[in-house]
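A.B. asks: below are the sequence and a predicted model; questions follow.
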2 protein chains.
Amino acid sequence: MTIIRCNCGNDAFYLRRHSGEALCKKCFVRSVERTVLRTIKRESLFEPKDRIMVALSGGKDSIALLCILSKIERRYDTEIFAVTIDEGVRGYREEGINIAKKVAGELGIEHYVVSFKEAYGNSLEEIYNMASSKGVKLLGCTFCGVLRRRLINEAAIKFGANKVATGHNLDDEAQTIFINLMRSDVARMIRLGAKPLKIRKGFVPRVKPLRYIPEKEIGIYVYLKGYPLYERECPYVRASLRDEVRDILNRIEQRHPGTKFSIVRAADKLSSLLKGEVGEIKYCQKCGSPSGREVCRMCELLSLLGLNSEVYLN
Amino acid sequence: MTIIRCNCGNDAFYLRRHSGEALCKKCFVRSVERTVLRTIKRESLFEPKDRIMVALSGGKDSIALLCILSKIERRYDTEIFAVTIDEGVRGYREEGINIAKKVAGELGIEHYVVSFKEAYGNSLEEIYNMASSKGVKLLGCTFCGVLRRRLINEAAIKFGANKVATGHNLDDEAQTIFINLMRSDVARMIRLGAKPLKIRKGFVPRVKPLRYIPEKEIGIYVYLKGYPLYERECPYVRASLRDEVRDILNRIEQRHPGTKFSIVRAADKLSSLLKGEVGEIKYCQKCGSPSGREVCRMCELLSLLGLNSEVYLN
């Protein structure tokens, strides 16, 4: 058996198929961190004096993000804190919150937990029960995702952040581009980037420093850094189009390494060619989310359930 | 068993999943023809006095195209003729040529056969044998495709056409868009359309009236019109990325009817947003094909084989 060596001379433990690099553990960790730093620099994600809120679920992506950004904080003149959203799903969310608390504590990073119950008056469990008793059909993760994103924005405002960093990785981004292509939703395909094309009033801009890191490599990074991998699945998860697309892209990537990168790069190119020319995006009059309608489907559902769609954390 | 009826009252024989229409045979044929006419009109593919060359392989797509365009000829003030390229692959091409001749004859359309032998001095068979004896690796269908497209252009010039119509269908187009996304080739993703974005000197513009007709429907159309379906496979065909992508898109379409349409529509939207802003496309100095290099790979291969890459049909 031939032992493959890393450039540094150590035994390689990871072969990065899309680039052909063989990496030892130390060089792998350094390489992931360097890619994130390059993204931040190239895309000007941060500026001095930024107060950045990390959306910290406790999953591997946001743990890796927090860990890498905590190193940057020392180097750049930025301030970082983390917020975990507690949807209130018993037997699922507690573990994520515990991991988030533990990691933020170890890294010495200010950390808050903000709950659906506090913001919307009900936990996700209560909202789902309410919906099923009223015969209202909720759209699984889509619904929860919108409530969560809205709450992240409110938390960012409350805690004085001028930027929100999320753990979206290369796989997430390639999947979203593919789904939007399938739906012919060019505006969403293009709007997506490591940072927003346009600043919208009332919305704290979101940046995605992990946009060019494959999901697999994030898992390995977190494992090598010794943080717990939290893989429990939410009981409300349903098979989705995203699952199908994930399988498709994984199979293509297996046969044609580098395809996920190429897809994201294509969207980047289109985005820079089209800057500001994607046509008018309409926003929901109630919550401000992008929507083709005057009042978005989410606000409509919330009001069907008699819930307040205007969230204000005090 | 419930009998599903077409809008006209006849028994339906085809359910168009992406639109939910149930169609009888007559309405199906009319619907396909109407879609092609709508494409021609909306995209202004033809103008009065056009002399249109149909690239007629004898396969279902080009047979359907010829059949539909022959009806238009009477309605619009255009002239149509057909050309079949004979690559010179024995046991494969003859049947296509016979079908092409027969159908063109029945429709009363002027028809020519133009061969690789005549244009390049050698048939495809001879070129492949030459290459393998010289140890040169040819790129299967890609290589033949380029030679064929170049010859189609020369034939159009020789026979005085100002437009070339090809039988590319919805499946072909969605596959090409997907392949270009996988390769991050935004320029090719966008350049593609029912008609060219820019007129290039020396190139007769190509139009694709079947761009919005699914491959399956073209097969049914040709069958219903009573023309032979010619499905023999070229012995030089090799498994390709396109085959993989075809499978992927067929599987997605099965679960999400309308996806192929959406993909092509997305490219259309991007194309119209980006008109003329795709950046400079470079062309091969020898043959004028789009290429990142000064002399394209095809011209390089042809000269390796001692073959002339400048084709002039006299």
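C.D. replies: Nice, I can see it.
A.B. asks: determine how far the last residue of stretch A:203-222 lies from the first.
C.D. replies: Using Cα to Cα, to the nearest Å, one end of stretch A:203-222 lies 30 Å from the other.
A.B. asks: mind listing what's buried along that stretch?
C.D. replies: A:203-204, A:206-215, A:217-222 (16 or more other Cβ atoms under 10 Å in any protein chain shown). No exception for glycine: its C-beta is placed from N, CA and C like everyone else's.
A.B. asks: could you do stretch A:80-96 as well?
C.D. replies: Within stretch A:80-96, the residues scored as buried using 16+ other Cβ under 10 Å are A:80-89, A:92-93, A:96.
A.B. asks: likewise for stretch A:187-199?
C.D. replies: For stretch A:187-199, using 16+ other Cβ under 10 Å, the buried residues are A:Ala187, A:Arg188, A:Met189, A:Ile190, A:Arg191, A:Leu192, A:Gly193, A:Ala194, A:Lys195.
A.B. asks: just to revisit the earlier point, out of the buried residues of stretch A:80-96, list just those in helices.
C.D. replies: In helices, defined here by DSSP state H, the members of the buried residues of stretch A:80-96 are A:Arg93, A:Gly96.
A.B. asks: switch the buried residues of stretch A:80-96 over to a markdown table; also include pLDDT and distance to B:Asp247.
C.D. replies: A markdown table is the format used below for the buried residues of stretch A:80-96 (pLDDT from 0 to 100; distance: Cβ to Cβ, whole Å):
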| residue | pLDDT | distance to B:Asp247 |
| --- | --- | --- |
| A:Ile80 | 96 | 46 |
| A:Phe81 | 97 | 48 |
| A:Ala82 | 98 | 43 |
| A:Val83 | 98 | 43 |
| A:Thr84 | 97 | 42 |
| A:Ile85 | 96 | 40 |
| A:Asp86 | 96 | 43 |
| A:Glu87 | 92 | 38 |
| A:Gly88 | 91 | 43 |
| A:Val89 | 89 | 38 |
| A:Tyr92 | 86 | 36 |
| A:Arg93 | 90 | 39 |
| A:Gly96 | 93 | 38 |
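A.B. asks: just checking, what packs against the strand or helix carrying A:Asn180?
C.D. replies: If you go by DSSP states H and E, A:Asn180 is part of helix A:170-182. Where contact means 3 or more Cβ pairs under 8 Å, 6 or more residues apart in numbering or on different chains; DSSP states H and E, helix A:170-182 is packed against helix A:186-191, helix A:215-224, helix A:241-255, helix A:259-274, helix B:259-274.
A.B. asks: run the chain-centre distance for the second one.
C.D. replies: For helix A:215-224, the gap between its own C-alpha mean and the chain's C-alpha mean amounts to 15 Å (Cα atoms, centre = their mean, to the nearest Å).
A.B. asks: so it versus helix A:241-255, what angle?
C.D. replies: 90 degrees (axes from the mean of the first three to the mean of the last three Cα atoms, to 10 degrees).
A.B. asks: wait, which of the helices and strands packed on helix A:170-182 is closest to A:Glu33?
C.D. replies: For the helices and strands packed on helix A:170-182, proximity to A:Glu33 was assessed by Cβ to Cβ; helix A:215-224 is nearest, at 8.3 Å.
A.B. asks: avg pLDDT for that closest one?
C.D. replies: Averaged across helix A:215-224, pLDDT comes to 97.
A.B. asks: how about stretch A:136-155?
C.D. replies: For stretch A:136-155, mean pLDDT is 83.
A.B. asks: which of the buried residues of stretch A:187-199 sits closest to chain B?
C.D. replies: Nearest to chain B among the buried residues of stretch A:187-199 is A:Met189, at 7.1 Å by Cβ to the nearest Cβ.
A.B. asks: got the contact list for the residue lying closest to that closest one once chain neighbours are set aside?
C.D. replies: In space, and not counting its chain neighbours, A:Met189 is closest to A:Asn180: 4.0 Å by Cβ to Cβ, 6 or more residues apart in numbering or on different chains. Counting by Cβ atoms under 8 Å, 6 or more residues apart in numbering or on different chains, A:Asn180 touches A:Val186, A:Arg188, A:Met189, A:Leu192, B:Ala266.
A.B. asks: same question for A:Leu107.
C.D. replies: A:Leu107 sits next to A:Leu66, A:Cys67, A:Ser70 when contact means Cβ under 8 Å, 6+ apart.
A.B. asks: got those as JSON lines, with pLDDT and neighbour count columns?
C.D. replies: Formatted as JSON lines, these follow (pLDDT from 0 to 100; neighbours: other Cβ atoms under 10 Å in any protein chain shown):
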{"residue": "A:Leu66", "pLDDT": "97", "neighbour count": "25"}
{"residue": "A:Cys67", "pLDDT": "96", "neighbour count": "20"}
{"residue": "A:Ser70", "pLDDT": "95", "neighbour count": "18"}
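A.B. asks: nearest to A:Ala131 among those residues?
C.D. replies: Nearest member of these to A:Ala131, counting by Cβ to Cβ, is A:Leu66, at 33.0 Å.
A.B. asks: which SS class is the closest one?
C.D. replies: Secondary structure, DSSP: H, G, I helix; E, B strand; the rest coil: A:Leu66 is helix.
A.B. asks: look up how far A:Glu110 lies from it.
C.D. replies: The gap separating A:Leu66 from A:Glu110 is 11 Å, by Cβ to Cβ, to the nearest Å.
A.B. asks: got any residues that touch both of these two?
C.D. replies: Residues touching both A:Leu66 and A:Glu110 (Cβ under 8 Å, 6+ apart) are A:Ile80, A:Ala82, A:Ala104.
A.B. asks: could I get those as TSV with distance to chain B?
C.D. replies: Formatted as TSV, the shared contacts of A:Leu66 and A:Glu110 follow (distance: Cβ to the nearest Cβ, whole Å):
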residue	distance to chain B
A:Ile80	33
A:Ala82	34
A:Ala104	37
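A.B. asks: mind putting the residues you listed in a markdown table, distance to B:Leu147 included?
C.D. replies: Shown next, in a markdown table, are the shared contacts of A:Leu66 and A:Glu110 (distance: Cβ to Cβ, whole Å):
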| residue | distance to B:Leu147 |
| --- | --- |
| A:Ile80 | 59 |
| A:Ala82 | 60 |
| A:Ala104 | 63 |
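A.B. asks: in strands, which of the residues you listed appear?
C.D. replies: Among these, the members found in strands (DSSP state E) are A:Ile80, A:Ala82.
A.B. asks: got TSV for the buried residues of stretch A:187-199, with pLDDT too?
C.D. replies: Below are the buried residues of stretch A:187-199 laid out as TSV (pLDDT from 0 to 100):
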residue	pLDDT
A:Ala187	85
A:Arg188	84
A:Met189	85
A:Ile190	79
A:Arg191	78
A:Leu192	75
A:Gly193	78
A:Ala194	77
A:Lys195	79
